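Participant: Sequence below, structure please.
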Amino acid sequence: MESKHFGEIVYKIRQDRNMSLKEAAGDAITPNNLSRFEKGLATVKVDTFFEILFRLNLAPADYTEVLHIQNEDSQRVKQFENAFSKKDMNKARQLLGRKSDWTNAIEYYELKLCTYNQEKKLDEFTPDELETVHYLIDYISSIDTLYIRDFSIVTNLLHLNAQFFEVQFLEYLENLVVERLEEVKYTTMDFGLICSQCSVNLVRAYSRNGYYDKAEKLIYKLKLILSQGVHALISINPLFLLNVYEVYNLLRQNNPKAIERANSLLHYIDAQNDLFPLSHMYTWKNDFVKEVQRLNKTGIPFPMEDEE
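Facilitator: Purely as a prediction, here's the structure:
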């Protein structure tokens, strides 16, 4: 995004606030220099920029929202996500275009990853698809701290069923994710939600790749973190999914405890549907029952006849 657009957005917000140049500038910058910034004729230091946002009584998230509206790449992402949500993959691929069409190559590869069939086996991936996956794995491997965009990339990678990941990479992710999750009580709601979602997907990846002990230990660790001092809106859904993946993990080891836990989850879902029915919970229930039945080799029937 060209730097002049940043000033244009500040101008729009200032007009929306009915503030004069002098009021918005305060002691952070002269009104004349603020005017030049708004017109794209000058730049400002980062700390000055945030002081201007403070003068406008604006949170950085508010500015980011307006930025997305003004930014062509951001609008293309929104259009891509809309087409993807409607399963219009031809439209999604058309919007994606080529890497040269994007300012940020990482954003391009992340969206491209979303168009892949998550159920494909490793030997079914084309060289072009493999390039995308390994580009993103190499990127994540090169950083020491995960931020919101990084969590989104990791989550999309972990959705792939193909065994792309060495155990060392999953352990590396675990260290990064748990470190950030322990800070969730001090962060924004959005960060907490995507961080907790990513941690649950990591459990799924461990279990699907046969690292059952690691999955079990991570489940225990995550339950402790999410049940202590984390906002309920962040923790409830991940804690539910952790129990779901714990059932799957136990079933892959033919552990009969899985059926007892699965029945408890079924009661929980039915109670929730009875009290406040949500359409996605009915879908979750059906998917959960099918997956338990597929994995169940314990000889114990599921669900029990009186629960069907």
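Participant: and whichever strand or helix holds residue 12, which residues are buried?
Facilitator: Assigned by DSSP states H and E, residue 12 belongs to helix 4-16. Within helix 4-16, the residues that count as buried by 16 or more other Cβ atoms under 10 Å are 6-7, 9-11, 13-14. All C-beta atoms are positioned from the backbone trio N, CA, C, and that covers glycine.
Participant: okay if I get the residues you listed as JSON lines plus distance to residue 153 and pLDDT?
Facilitator: Formatted as JSON lines, those follow (distance: Cβ to Cβ, whole Å; pLDDT from 0 to 100):
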{"residue": "6", "distance to residue 153": "25", "pLDDT": "82"}
{"residue": "7", "distance to residue 153": "30", "pLDDT": "87"}
{"residue": "9", "distance to residue 153": "26", "pLDDT": "84"}
{"residue": "10", "distance to residue 153": "30", "pLDDT": "88"}
{"residue": "11", "distance to residue 153": "33", "pLDDT": "89"}
{"residue": "13", "distance to residue 153": "30", "pLDDT": "86"}
{"residue": "14", "distance to residue 153": "35", "pLDDT": "89"}
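Participant: Please identify the buried residues of the helix or strand following the helix holding residue 12?
Facilitator: Later in the chain than helix 4-16, the nearest helix or strand by DSSP H and E is helix 21-25. Across helix 21-25, burial judged by 16+ other Cβ under 10 Å covers 21, 24-25.
Participant: now the following helix or strand past helix 21-25, how far from the chain's geometric center?
Facilitator: Per DSSP H and E, the first helix or strand lying C-terminal to helix 21-25 is helix 31-38. Counting by Cα atoms, centre = their mean, to the nearest Å, helix 31-38 is centred 37 Å from the centre of its parent chain.
Participant: Could you check the angle helix 31-38 makes with helix 4-16?
Facilitator: 120 degrees (axes from the mean of the first three to the mean of the last three Cα atoms, to 10 degrees).
Participant: any weak-confidence spans in the stretch 101-250 of the chain?
Facilitator: 185-186, 229-230 (pLDDT under 70).
Participant: in it, which spans are helices?
Facilitator: 105-114, 127-141, 148-158, 167-181, 189-208, 212-226, 232-251 (DSSP state H, counting those that start in this stretch).
Participant: Which strands or helices does the third one pack on?
Facilitator: Spelled out, it's helix 148-158. Packing partners of helix 148-158 (3 or more Cβ pairs under 8 Å, 6 or more residues apart in numbering; DSSP states H and E): helix 105-114, helix 127-141, helix 167-181, helix 189-208.
Participant: Would you mind putting those into TSV with mean neighbour count alongside?
Facilitator: Converted to TSV, those look like this (neighbours: other Cβ atoms under 10 Å):
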stretch	mean neighbour count
helix 105-114	18
helix 127-141	15
helix 167-181	17
helix 189-208	22
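Participant: export those helices to a markdown table and tack on distance to residue 79?
Facilitator: Output for the helices and strands packed on helix 148-158, formatted as a markdown table (distance: least, Cβ to Cβ, whole Å):
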| stretch | distance to residue 79 |
| --- | --- |
| helix 105-114 | 11 |
| helix 127-141 | 20 |
| helix 167-181 | 30 |
| helix 189-208 | 21 |
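Participant: The ones you listed: which one's closest to residue 56?
Facilitator: Residue 56 lies closest to helix 189-208 among these, at 21.0 Å (Cβ to Cβ).
Participant: quick one: contacts of stretch 248-267?
Facilitator: The contact list for stretch 248-267 (Cβ atoms under 8 Å, 6 or more residues apart in numbering) reads 203-204, 207, 210, 212, 215-216, 219, 240, 243-244, 246-247, 285, 288-289, 291-292, 295-298, 300, 302-304, 307.
Participant: Restrict those residues to the buried ones and give me that as a ChimeraX selection.
Facilitator: Typed into ChimeraX, the line below selects the buried ones among the contacts of stretch 248-267, using 16+ other Cβ under 10 Å:
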select :203,204,207,215,216,219,240,243,244,246,247,285,288,289,292,295,296,298,302
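Participant: Okay, domains of the chain per the record?
Facilitator: 4-69, 72-112, 116-253 (automatic domain parsing).
Participant: count of residues packed around the residue nearest to residue 300 when sequence neighbours are not counted?
Facilitator: In space, and not counting its chain neighbours, residue 300 is closest to residue 259: 4.6 Å by Cβ to Cβ, 6 or more residues apart in numbering. Close neighbours of residue 259, defined as other Cβ atoms under 10 Å, add up to 21.
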